[in-house]
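Quick one, what's the 3D model for this:
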Amino acid sequence: MTLATPPPDAALAEHMHAMGTRARAASRALGLMTAADRTRGLTAIAAALRAAAPEILEANSEDMTAAKAKGLSPAMLDRLALDAARIEAIAAGVEIVAALPDPVGRELARWTPPNGLDIARVAIPLGVIGIIYESRPNVTADAGALCLRSGNAAILRGGSESIHSSRALAGAMRAALMQEGLPVDAIQLVETINRDAVGHMLAGLDGALDVIVPRGGRTLVERVQAEARVPVIGHLEGLCHTYVDGAADPSKAVDIVVNAKMRRTGVCGSTETLLIDVACAATLLPKIAAALEAAGCELRGDRRSRALLPHINAATEEDWATEYLAPILSVAVVDGLEGALVHIARWSSGHTDAIITEDTAAAEAFLARVDSAIVLHNASTQFADGGEFGFGAEIGIATGRIHARGPVGADQLTTYKYAVRGTGQVRP
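Reported below is the predicted structural model:
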C-alpha cells in the first residue's frame, strides 16, 4: 500500500495537523475494538512484512547507498542496514508483541474505602503517540506494533537517512491494517524530510498528540525535551558502565566485559566505561584488555590503568562523558565498590550499569545505590533491550523518572483511569 505524497513545504503545517486529526480518529476507533482485533492486526502485519521483504530490501539499499556517500559512521550504517535476517527478526518481533497479554483494560488495583464505593484503577491507552527517531528503520515496525498492541495511534517520523526503508515498512503495515478492517491511520509515517515537521509535532499538532518519544542522539533528544509542549518519554544517551569488583569470577568478568562492549558497539546498551577494583586490577585487567583488543577494541585509560597497560592511550575527562557507539572503551581503576559508585554517580547517564562480583552483599549494594533505569549483576549491559526483557520490542529505553523507566514496551504505553461503582452514595 502506498502512502501519501509529501506535501510542498508551504502546506506542511496543514498536512501535519491533518495527520494529527486522522490519528485522533484512529485512536478513538481502536478504543472500540477488542484485544483479539489488535492481535489479528499484528499477526497480519508480521505476514505483510515478510511478504514485502524484497521491496523493503530494495528501499534499504537505496538508503545505504546515500548514507555511504554522506560518510556516515560504521555505527550509523550498522543501525541503518537491513538484510533478510533482520527483516525476519522484525517480523518475528511483531509476532511476539501479538502474543503478549493485552495491556488495555487491566485492573491495576481495586479497593473499597469506608464510604462503600467500589474503586478500580484500570489501564487505558495513552492515545496518540508521536515517535521521532533517526537512522533505525526497525523502529518503524517496533513502534507501530507496540502502539497497536496498547491501543494507541502512532505518528512516526524517522530520519532522512532511513526514509525509503521506513516508507516500505510503513506501507506494508498499513496495507495489513486495511486488509483486516482496522483503522489504517493507526500507523502514519511523516514522509517529508523537512525538519519543520518535527517542530509541528513538538507543538502537539493542535492537541492531537498526547506524548512524544524521541529515539536518537543527544542533539535530537535535547531539542525534543527543550521544545516539546506535550509530555516526553526519552533518554539523552546510553553512557553505560561495567564495574569489575575485587570478588569477581575472572572467567565471567572477561566474557561479560567483552560482550558488553563488543557484541554490538552501536547500541545504547553497549558499555562505554570499564571500572575495575584496585584489588584485582593487577591480575585481571591485563586479561580483560587482551580479550578486548583481540576483538578490535581501542582502550583509553586513567593513570592507574595505564600503569598496568602502558601501551594504551590516556583517557581525558571528555572520554568519561562520551557515548562512543564504536569499538572504544574508557578504563579506570577504582577503590572498590565505593570508588565505582562515585564514578558512576558522576558520569552515568542513568541508562544501564552493571557489577560483576561473587560478593552478594556488594551486588545488592550496587543494585540499590546505582540510580539508573537498569542495573545488572553478573550480566552484560547489552541485555538493556525490550526484547530481552520479554516485551517483544521497545520504543526506547527511558531514563527519566515520570511514567516510564527502562525499556518502553506495550505496558508502558498505557495510563489509567478510575472506574468507581456505587450503590446510591451521596457525599455528606
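
so what's the residue lying closest to Glu293 once chain neighbours are set aside bridging to?
Using C-beta to C-beta, 6 or more residues apart in numbering and skipping the chain neighbours, the partner closest in space to Glu293 is Leu299 (6.9 Å). All C-beta atoms are positioned from the backbone trio N, CA, C, and that covers glycine. Leu299 forms beta bridges with Leu329, as assigned by DSSP bridges.

just the helices in the stretch 301-428 of the chain please.
Ranges of helices within the stretch 301-428 of the chain are 303-308, 317-320, 336-347, 360-369, based on DSSP state H, counting those that start in this stretch.

wait, isn't the residue nearest to Glu293 in contact with Ala291?
No - contact criterion C-beta atoms under 8 Å: Leu299 and Ala291 do not qualify, at 11.2 Å.

All the strands of the stretch 51-200 of the chain, residue numbers only.
107-111, 118-125, 128-133, 153-157, 187-189 (DSSP state E, counting those that start in this stretch).

Output those strands in CSV; the columns should cover mean neighbour count, mean pLDDT and distance to Leu275.
Conversion of these to CSV gives the following (neighbours: other C-beta atoms under 10 Å; pLDDT from 0 to 100; distance: least, C-beta to C-beta, whole Å):
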stretch, mean neighbour count, mean pLDDT, distance to Leu275
strand 107-111, 10, 97, 38
strand 118-125, 16, 97, 39
strand 128-133, 27, 95, 31
strand 153-157, 27, 97, 37
strand 187-189, 25, 98, 42
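
What values do phi and psi take at the nearest residue in space to Gly217 that is not next to it in sequence?
Leaving aside its sequence neighbours, Gly217 sits nearest to Glu134 (C-beta to C-beta, 6+ apart; 6.5 Å). When read as degrees, to the nearest 10, the backbone of Glu134 gives phi -110, psi -130.

who has more neighbours, Leu299 and Ala291?
Leu299 (23 against 17; other C-beta atoms under 10 Å).

ok, that one - contacts?
Contact analysis of Leu299 by C-beta atoms under 8 Å, 6 or more residues apart in numbering lists 289, 292-293, 309, 312-313, 328-331.

And for Met201?
16, 130, 132, 155, 157, 190, 209, 212.

One more: Arg79?
134-136, 266.

mind checking how far stretch 362-375 is from the chain centre?
21 Å (C-alpha atoms, centre = their mean, to the nearest Å).

That one: end-to-end distance?
13 Å (C-alpha to C-alpha, to the nearest Å).

Now do stretch 42-55: everything it contacts.
Residues contacting stretch 42-55 (C-beta under 8 Å, 6+ apart): 56, 84, 87-88, 90-92, 94-95, 97-98, 141, 144-145, 148-149, 168-169, 171-173, 175-177, 179-180.

Buried only: go through those for me.
For the contacts of stretch 42-55, a neighbour count by 16 or more other C-beta atoms under 10 Å gives the buried set as 56, 87, 90-91, 94-95, 97-98, 141, 144-145, 148-149, 168-169, 171-173, 175-177, 180.

Inside helices: which ones of the residues you listed?
When the buried ones among the contacts of stretch 42-55 are checked against helices (DSSP state H), the matches are 56, 87, 90-91, 94-95, 97-98, 141, 144-145, 148-149, 168-169, 171-173, 175-177.

Give me the neighbour count for Leu72.
17.

and if you look at Leu57?
16.

Can you tell me the closest non-neighbouring residue to it?
Leu82 (6.3 Å).

The one you found reaches Ile56, doesn't it?
Yes - between Leu82 and Ile56 there is a contact under C-beta under 8 Å: 6.5 Å.

Common neighbours of those two, please.
What both Leu82 and Ile56 touch, as defined by C-beta under 8 Å, 6+ apart, is the set Ser165.

picking up where we left off before, please indicate which of the contacts of Leu299 are buried?
289, 292-293, 309, 312, 328-331.

From these, pick the one nearest Leu202.
Nearest to Leu202 among the buried ones among the contacts of Leu299: Ile328, at 32.8 Å, using C-beta to C-beta.

Would you mind stating the distance between that closest one and Val334?
20 Å (C-beta to C-beta, to the nearest Å).

got any ranges where the stretch 201-350 of the chain has weak pLDDT?
Filtered on pLDDT under 70, the stretch 201-350 of the chain yields the residue ranges 236.

a markdown table for the helices of the stretch 301-428 of the chain, including distance to Ala203 and mean neighbour count?
Converted to a markdown table, these look like this (distance: least, C-beta to C-beta, whole Å; neighbours: other C-beta atoms under 10 Å):
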| stretch | distance to Ala203 | mean neighbour count |
| --- | --- | --- |
| helix 303-308 | 48 | 17 |
| helix 317-320 | 35 | 14 |
| helix 336-347 | 34 | 17 |
| helix 360-369 | 40 | 15 |
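
Quick check, the residue nearest to Gly217 in contact with Arg215.
Yes - applying C-beta under 8 Å, one finds Glu134 in contact with Arg215, separated by 7.2 Å.

the domain parsing of the chain - what is it?
Here the domain parsing of the chain from automatic domain parsing is 9-233+395-420, 240-383.

and those as TSV, adding distance to Val426?
Converted to TSV, these look like this (distance: least, C-beta to C-beta, whole Å):
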stretch	distance to Val426
domain 9-233+395-420	10
domain 240-383	45
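
Of all the ones you listed, which one is nearest Arg427?
Per C-beta to C-beta, nearest to Arg427 of those: domain 9-233+395-420, 7.9 Å.
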